[in-house]
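Visitor: just to be clear, the model below is a prediction. Sequence and coordinates:
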Amino acid sequence: MAERSDTEEVKLLGMWPSPFSRRIEIALTLKGVPYEFSEQDITNKSSLLLQLNPVYKMIPVLVHNGKPISESLVILEYIDDTWRNNPILPQDPCERATARFWAKLIDQQICVAAMKVVGKVGDERDAAVEATRDLLMFLEKELAGKDFFGGESLGFVDIVATLVAFWLMRTEDLLGVKVVPVELFPEIHRWVKNLLGNDVIKKCIPPEDEHLAYIRARMDKLNIKSA
Amino acid sequence: MSSGEVKLIGAWASPFVMRPRVALNLKSVPYEFLQETFGSKSELLLKSNPVHKKIPVLLHADKPVCESNIIVEYIDETWSSSGPSILPSHPYDRAMARFWAAYIDEKWFGALRNFLKAEGEEEKKAVIAQMEEGNALLEKAFIDCSKGKPFFNGDNIGYLDISLGSFLAWLRVTELTASHKLLDEAKTPSLCKWAELFCNDPAVKPVMPETAKLAEFAKKIFAKPQA
């Protein structure tokens, strides 16, 4: 295998407001891997994006030494496999399986349920809130007695769950719907505070004001009523 | 770490259950197979997988591991010194295996399932077109991943072989029902050759459902209620 050096080319095709793109930036920053960021416009997909991710035509795409990798969870594991310092996944196979399990739940179910909260109104929205809370309750229990999902430091699930902390929970105020109230989810709220105390997280999440303005603009465009 | 009793909660007809069974066979790990009755869920299953209440669930020294592909990785990591490696060793190859396994479950299988449920010629035609598109992608993926060797994983079956191969029996049942070849020697010659090798692998043969038996089972579970 070729020797690694700082001149090794790492490029990330992403979007500044995307949780899937930001989680890759968190991982690369945690590992101290320098990378070139290429902001993409998915409403007007570049030929580079189409060439590098022909199957899904979506961001994020990590390009390492000319080879593209797509799908954020696959990319996160690739980063952990390639740069072995500051491990993101735990060492123990059972703990690794558990981390992968929660990551899948977040992306395949919590994310989908949360999108329905934004996309629906009235009774359908109430049902979506209920469904999202039922799923979040599993994460709430998982956090008991821990600073992070990864234990004393940030791990795989924390990185993936930033989707909840900085996308779902930020959208709540704009929607006027408290999906994750502190009375029901004290551990999750405590965990968000811990995240905000972490330098890598602070550096890599979208700046709040700009982010809220972006979400509000998108909601207006989609005719979603904002609070 | 690899000591302790191994049990697998599952069902003979499930392609997802077949995956850890092949993996355990590859690693020569003896296990107790706890068959669920179709249409009901045992107390043990509900206790071991409270989030999804689905099979397969691996119990290793009574600790549950859920989600078929996650279980396969767990088996590979836990019994790493036994048998061949199930995941490829190079990070990029591992990323490709994980990428295509996710594609198979999220897109390809969806099309197969839609076919089994499709009503009327128009709907069936649309799903067949979807499947053929998917198969073309997988044919290319096979050529890229196998690098001239017999399996996606090279000389021995691995993660991606197991991921796709576990659907072969259901694919055959679908072909019978449709009287239409979904894996066509003309269109996907490499996949056809691979499918035969996979089915004849000693780790696979004992756990691959018989097509006739599966076809009967399919008729039963997809039967329309009497008017």
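Guide: Received it, and whenever you're ready, just let me know what you need. Residues are numbered from 1 along each chain as shown, chains lettered A, B, ... in the order given.

Visitor: buried residues in the lengthiest helix in chain A?
Guide: Taking DSSP state H as the criterion, chain A has its longest helix at helix A:122-143. If you call a residue buried by 16 or more other Cβ atoms under 10 Å in any protein chain shown, then helix A:122-143 has these buried ones: A:125, A:128-129, A:131-133, A:135-136, A:138-140, A:142-143. In short, each C-beta sits where N, CA and C put it, glycine included.

Visitor: okay, now the domains of chain B?
Guide: As given by automatic domain parsing, the domain ranges for chain B are B:6-78, B:91-221.

Visitor: follow-up on the earlier one: gap between the longest helix of chain A and the chain center?
Guide: Here helix A:122-143 is found 18 Å from its chain centre; the criterion is Cα atoms, centre = their mean, to the nearest Å.

Visitor: show me what it is packed against.
Guide: The contact analysis (3 or more Cβ pairs under 8 Å, 6 or more residues apart in numbering or on different chains; DSSP states H and E) places helix A:122-143 against helix A:93-105, helix A:111-119, helix A:186-196.

Visitor: ok and that helix relative to helix A:186-196, angle-wise?
Guide: Put simply, helix A:122-143 runs at 70 degrees to helix A:186-196, going by axes from the mean of the first three to the mean of the last three Cα atoms, to 10 degrees.

Visitor: residue 81 in helix, strand or coil?
Guide: Just going to use chain A. The three-state label given to residue A:81 by DSSP: H, G, I helix; E, B strand; the rest coil is helix.

Visitor: actually, chain B is the one I wanted.
Guide: Secondary structure, three-state DSSP: residue B:81 is coil.

Visitor: what segments of chain B are helices?
Guide: Under DSSP H, chain B gives helices at B:15-26, B:43-48, B:68-78, B:91-103, B:109-117, B:121-146, B:159-165, B:168-178, B:189-200, B:211-221.

Visitor: same question for chain A.
Guide: Assigned by DSSP H, chain A shows helices spanning A:19-30, A:47-52, A:72-82, A:93-105, A:111-119, A:122-143, A:156-163, A:169-175, A:186-196, A:199-204, A:208-221.

Visitor: mind listing residues that contact the lowest-mean-pLDDT helix or strand in chain A?
Guide: Of all helical and strand segments in chain A, the minimum by mean pLDDT, DSSP states H and E falls on helix A:169-175, at a mean of 89. Helix A:169-175 is contacted from outside by A:114, A:117-118, A:178-180, A:192, A:208, A:211-212, A:215-216, A:219, A:224, A:226-227, using Cβ atoms under 8 Å, 6 or more residues apart in numbering or on different chains.

Visitor: give the buried residues for it.
Guide: Across helix A:169-175, burial judged by 16+ other Cβ under 10 Å covers A:169, A:171, A:172, A:174, A:175.

Visitor: ok, so what distance separates residue A:70 from chain B?
Guide: Distance of residue A:70 to chain B, given as Cβ to the nearest Cβ, to the nearest Å: 6 Å.

Visitor: near chain B, which residues of chain A show up?
Guide: Contact residues (Cβ under 8 Å from any Cβ of the partner chain) of chain A with chain B: A:1, A:55, A:64, A:67, A:69-71, A:73-75, A:77-78, A:81-82, A:92-94, A:96-97, A:100-101, A:104-105, A:138.

Visitor: let's go with 10 Å and repeat that
Guide: A:1, A:54-56, A:62, A:64-65, A:67-71, A:73-75, A:77-83, A:91-94, A:96-105, A:108-109, A:135, A:138 (Cβ under 10 Å from any Cβ of the partner chain).

Visitor: where does the prediction get shaky in chain B?
Guide: Under the criterion pLDDT under 70, the flagged ranges of chain B are B:1, B:224-227.

Visitor: so which residue is dead centre in it?
Guide: residue B:166 (2.5 Å; Cα atoms, centre = their mean).

Visitor: so who does residue B:107 touch?
Guide: Contact analysis of residue B:107 by Cβ atoms under 10 Å, 6 or more residues apart in numbering or on different chains lists A:55, A:56, B:130, B:133, B:134, B:137.

Visitor: give me the buried subset of these.
Guide: By 16+ other Cβ under 10 Å, the contacts of residue B:107 give B:130, B:134, B:137 as buried.

Visitor: which of those residues come close to chain A?
Guide: Among the buried ones among the contacts of residue B:107, proximity to chain A is found for B:134, B:137 (Cβ under 10 Å from any Cβ).

Visitor: closest one of the buried ones among the contacts of residue B:107 to residue B:92?
Guide: Ranked by distance to residue B:92 (Cβ to Cβ), the buried ones among the contacts of residue B:107 are led by residue B:137 at 18.4 Å.

Visitor: which ones are touching the residue nearest to the closest one when sequence neighbours are not counted?
Guide: Using Cβ to Cβ, 6 or more residues apart in numbering or on different chains and skipping residues adjacent in sequence, the residue nearest residue B:137 is residue A:55, 6.5 Å away. Contacts here follow Cβ under 10 Å, 6+ apart; on that basis residue A:55 touches A:70, A:71, B:99, B:100, B:103, B:107, B:134, B:137, B:141.

Visitor: average pLDDT across the longest helix of chain A?
Guide: When pLDDT is averaged along helix A:122-143, the result is 96.

Visitor: give me every residue that touches the residue lying closest to residue B:144 once chain neighbours are set aside.
Guide: Distances taken as Cβ to Cβ, 6+ apart put residue B:96 closest to residue B:144, at 7.2 Å, once the chain neighbours are dropped. Contact analysis of residue B:96 by Cβ under 10 Å, 6+ apart lists A:67, A:69, A:74, A:78, B:88, B:90, B:141, B:144, B:145, B:152, B:160.

Visitor: buried ones among those?
Guide: Using 16+ other Cβ under 10 Å, the buried ones in the contacts of residue B:96 are A:69, A:74, A:78, B:88, B:141, B:145, B:152, B:160.
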